[in-house]
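1. Sequence and computational prediction follow.
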Amino acid sequence: MSLASALLGLPSSVGGELPVAGSGPVQYKYGAWAGYFQDEWKVRPRLTVNFGLRYDYLTQPETIDGRLWNAIDLAHQQWIIGAAAMPPLCSVAQKAPCIPDGAPLFTLQTTPACNNTTIPCDFTKDAHFNNVVVAGKPFFSPPPVKDNWGPRVGIAWQITPKTVVRGGYGLYWDTLAGRGQAAQNVLEKAVWPDALALNGDFNGSNLSPGQLRTIDTIQGTLGNSLPAPTPWTSGSFFVAPTYQDPYSQQWNIEVQREFTPNFMFSAAYVGSKNGRLDYEGNANAARVPSPAATDPVQTTAFGVTTCGPRPNPVTPAWTACQAAYLASVDSFRAMPWATAGITYAQSIGYSDYHALEAKMQRRFANGLVSLLSYTFGKSTDTSSGYFNVENGPQGGSSVQNYFDLNSAHGVSGYDITHFVSWATVYEFPAGRGKRWLRGGPLSWILGNWQANYIFQARSGQPYGLVVQGDVANLKGSGGIGSNGPSDYARPNLVADPFTPGPVPANPNPRCQTTISQGGLAADQTHSVRTWFNPCAFVAPSGAFGNLGRNPYRGPAVYNMDFSMFKSFPLGKEGWNLQLRFEAFNVFNIQNLETPGVGSANSIRVGNASMGKITDLALQPRQLQFGLRLVF
């Protein structure tokens with residue numbers, strides 16, 4: 001409410017959770033049944049084969065808190081209510097769940113959210129009332145899992161007494177974690193025609209002074225909450241009712257060679273191919289891009305005709321042209337009357353991973369153990385996780401065009417090409433139980449010391465760029481409520497982003513001079529101020545950008561942690577007091593973070609912070625001392 005309304009006690013809305021069944025944390029249940037058998041076949045004395053088969057069955061999830069289990073099915077243009085029959089009218093039930101049917105509970109005065117034009121106060125008169133259907137049973141989505149068969153096979157072959165080859169294959173299913181996340185998201189968003197919170201709209205426009213309601217007259221009058229007047233303005237996150245759990249096919253083959261009793265080397269190829277992964281994006285936006293209505297008059301290959309610049313004053317002819325333009329764009333949307341700002345998830349994504357893994361290991365002997373590992377790998381996918389979460393700095397533009405799955409395929413947001421790790425522990429051969437200085441005063445000072453270090457080095461994290469707004473004009477009319485997608489597009493690449501200096505191909509005049517000259521072009525790249533040249537990118541207009549997904553990488557990261565431990569044996573066996581000195585990032589290396597981490601503006605085309613690095617990947621050197629009692 002405005003300050004004046006607050007001072008007068010005239011709220012525009014009231015909200016809060018209701019102490020009713022279904023309100024508060026999501027509560028649901030389902031059962032998981034699993035069976036597995038395994039056998040081992042010793043083909044030869046040096047050749048062993050293991051094989052097995054696992055089966056998982058998951059029952060239909062069911063709420064245990066009284067919530068309706070609803071869903072939106074974009075493919076069939078339906079809002080599905082989890083019930084055996086349509087809920088009663090609100091004028092009859094007087095509380096949710098119910099279907100809004102106008103007066104006396106839903107009127108222009110009591111429910112400003114309805115206007116009797118785009119949103120009728122009587123939902124039974126909505127043009128798309130028949131697109132609301134019942135499932136015929138309370139629980140229907142996601143369906144029971146019946147196809148989770150997981151074969152496994154492994155082989156071990158001792159070629160020589162010191163050389164072994166191992167390999168294996170398995171099919172694995174994400175039976176619980178991902179399914180639970182999907183079910184919870186469905187229950188939290190697809191609420192209508194229920195209402196799990198106290199809500200009410202008051203004091204709309206064009207009311208006489210006698211119709212205004214102050215807080216004291218409203219208090220205590222909202223005992224029964226009612227649903228929103230329509231489901232078609234429900235935005236945010238939804239999951240397709242046919243959502244399935246993902247699978248992962250994984251395989252590996254490794255060669256191990258023992259050179260000495262304490263030293264071993266191995267090299268392995270590991271891979272995976274994964275399917276039915278979560279794939280999310282703007283599924284109720286237009287399937288094709290269009291120029292803006294105000295662009296010069298033209299007709300696209302898809303039959304969308306623009307209207308030219310908006311005249312002042314606006315003429316009836318231009319208004320009619322704009323309506324036809326919006327209708328044309330809406331014809332490419334799954335449910336044109338529903339909000340275009342829906343993030344929709346289907347289990348149609350895929351990914352793969354391939355890597356070379358090598359390691360040298362010195363087993364513990366004479367107080368020393370050491371392990372040096374190296375991985376050279378690549379992970380690609382169509383989406384790295386739930387929308388804008390695991391996709392890395394690129395976020396929403398990972399899925400630029402929801403209807404072109406292959407255009408979303410690229411390097412995973414978490415991919416690391418090279419990774420080296422070297423860990424060592426060394427116990428000095430002095431002190432109680434050691435070779436030297438087993439007793440005496442010097443043993444207390446010089447004995448029982450242990451040194452440890454972990455060194456790690458890795459490639460930079462992938463990142464891409466984002467264009468703000470709805471540059472491909474996917475919104476159309478936006479549906480009821482006129483909401484639409486934004487910040488989903490990638491830019492056009494017009495120059496090498498790591499070459500500093502002016503960019504003639506960029507139409508922005510400020511890109512013809514460098515930052516030091518008052519322009520926008522980078523004076524240098526791979527610096528904190530300009531990791532890349534911001535003028536190498538241009539926002540598309542009426543189209544998707546040509547830049548791929550996650551095409552660049554941030555700075556490499558190097559780190560070494562070091563520690564020294566001094567143990568003081570106590571009188572009781574197995575008891576000792578440990579003095580610990582630990583140094584994290586001991587060399588105090590300044591590891592720069594990837595662009596877009598810490599501030600999303602550094603990868604937003606046209607933003608003043610574009611190209612800047614604003615954070616560190618690791619903290620500066622940290623020192624700590626401690627005492628630890630071991631018993």
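-> That came through, no problem.

2. Phi first, then psi, for the residue nearest to L547 when sequence neighbours are not counted.
-> Nearest residue to L547, sequence neighbours excluded (CB to CB, 6 or more residues apart in numbering): R490, at 4.4 Å. Just so you know, the C-beta spots here come from the backbone N, C-alpha and C atoms, and that holds for glycine as well. According to degrees, to the nearest 10, the main-chain angles of R490 amount to phi -110, psi 160.

3. burial of R490, as a residue count?
-> Each residue near R490 was counted by other CB atoms under 10 Å, and the total is 27.

4. Could you double-check that it lies in contact with R549?
-> Yes: the criterion here is CB atoms under 8 Å, and R490 meets it with R549 at 7.5 Å.

5. Residues in contact with both of those two, list them for me.
-> Between them, R490 and R549 share these contacting residues under CB atoms under 8 Å, 6 or more residues apart in numbering: S397, Q400, G464.

6. Now list the buried members of those residues.
-> S397, Q400, G464 (16 or more other CB atoms under 10 Å).

7. Can I take it that the first one is in a strand?
-> No: assessed with DSSP: H, G, I helix; E, B strand; the rest coil, S397 is helix; it does not lie in a strand.

8. returning to what we had before: of the buried ones among the shared contacts of R490 and R549, just say which sits nearest to A317.
-> Proximity of the buried ones among the shared contacts of R490 and R549 to A317 (CB to CB) peaks at Q400, which lies at 34.6 Å.

9. before we move on, back to that, can you put the buried ones among the shared contacts of R490 and R549 in CSV and add distance to Q450 and pLDDT?
-> Rendered in CSV, the data for the buried ones among the shared contacts of R490 and R549 read as follows (distance: CB to CB, whole Å; pLDDT from 0 to 100):
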residue, distance to Q450, pLDDT
S397, 49, 77
Q400, 53, 92
G464, 45, 93
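
10. Kindly indicate which of these lies nearest F584.
-> So of these, ranked by how close each gets to F584 (CB to CB), first place is G464, at 31.0 Å.

11. Now that closest one. Its backbone dihedrals?
-> With angles defined as degrees, to the nearest 10, G464 sits at phi -140, psi -170.

12. Next up, the contacts around it.
-> Contacts of G464 (CB under 8 Å, 6+ apart): 393-394, 397-398, 410, 490, 547-552, 603.

13. Distance of it relative to Y350?
-> In this structure, G464 and Y350 are 19 Å apart, going by CB to CB, to the nearest Å.

14. same deal with A489?
-> As defined by CB to CB, A489 lies at a distance of 23 Å from Y350.

15. higher neighbour count, these two?
-> With neighbours defined as other CB under 10 Å, A489 and Y350 compare such that A489 has more, 28 against 17.

16. who touches that one in this structure?
-> For A489, the residues meeting the contact criterion (CB under 8 Å, 6+ apart) are S397, Q400, V466, V467, V471, A472, A539, P540, F544, G545.

17. Quick check: beta-bridge partners of it?
-> V467 (DSSP bridges).

18. Check T424 too.
-> Taking DSSP bridges, one finds S370, Y453 as the beta-bridge partners of T424.

19. How confident was the prediction at the residue nearest to G626 when sequence neighbours are not counted?
-> The spatial neighbour of G626 that comes closest, neighbours along the chain excluded (CB to CB, 6+ apart), is R580 at 4.6 Å. pLDDT, R580: 93.

20. T217 too?
-> Taken from the predicted model, the pLDDT recorded for T217 is 61.

21. Check what contacts stretch 504-524 and list those residues.
-> By CB under 8 Å, 6+ apart, the list of residues contacting stretch 504-524 reads 494-495, 500-503, 529-530, 532-536, 538, 611.

22. hmm, 6 Å instead?
-> Contacts with stretch 504-524, where a contact means CB atoms under 6 Å, 6 or more residues apart in numbering, come from V494, A495, P500, G501, P502, V503, T530, N533, P534, C535, V538.

23. Quickly note the distance from the residue located most distally from the centre of the chain to G433.
-> In the chain, the residue that sits farthest from the middle, by CA atoms, centre = their mean, is G440; the gap is 60.1 Å. In this view, G440 and G433 are 14 Å apart by CB to CB.

24. All the helices of the stretch 301-450 of the chain, in order from the start?
-> Along the stretch 301-450 of the chain, the segments classed as helices by DSSP state H, counting those that start in this stretch run 316-330, 441-446.

25. What of the stretch 151-300 of the chain?
-> Taking DSSP H, counting those that start in this stretch as the test, the helices found in the stretch 151-300 of the chain are 177-189, 215-218.

26. Pick out the shakiest of the ones you listed, pLDDT-wise.
-> When the helices of the stretch 151-300 of the chain are ranked by mean pLDDT, helix 215-218 comes last with a mean of 60.

27. circling back to that earlier point, how near is the residue farthest from the centre of the chain to L579?
-> Counting by CB to CB, the gap from G440 to L579 is 19 Å.

28. How about M610?
-> 50 Å.

29. Those two: which is more packed in?
-> Neighbour totals were compared for M610 and L579, and M610 leads with 21 against 14 (other CB under 10 Å).

30. isn't the more buried one right next to C535, touching?
-> No: contact between M610 and C535 fails when scored by CB atoms under 6 Å: they sit 9.4 Å apart.

31. And the contacts of G464, which is closest to W449?
-> Taking these together and measuring to W449 by CB to CB, the closest member is P393, at 43.4 Å.

32. Next up, the contacts around S421.
-> Under the criterion of CB under 6 Å, 6+ apart, the contact partners of S421 comprise S373, Q456.
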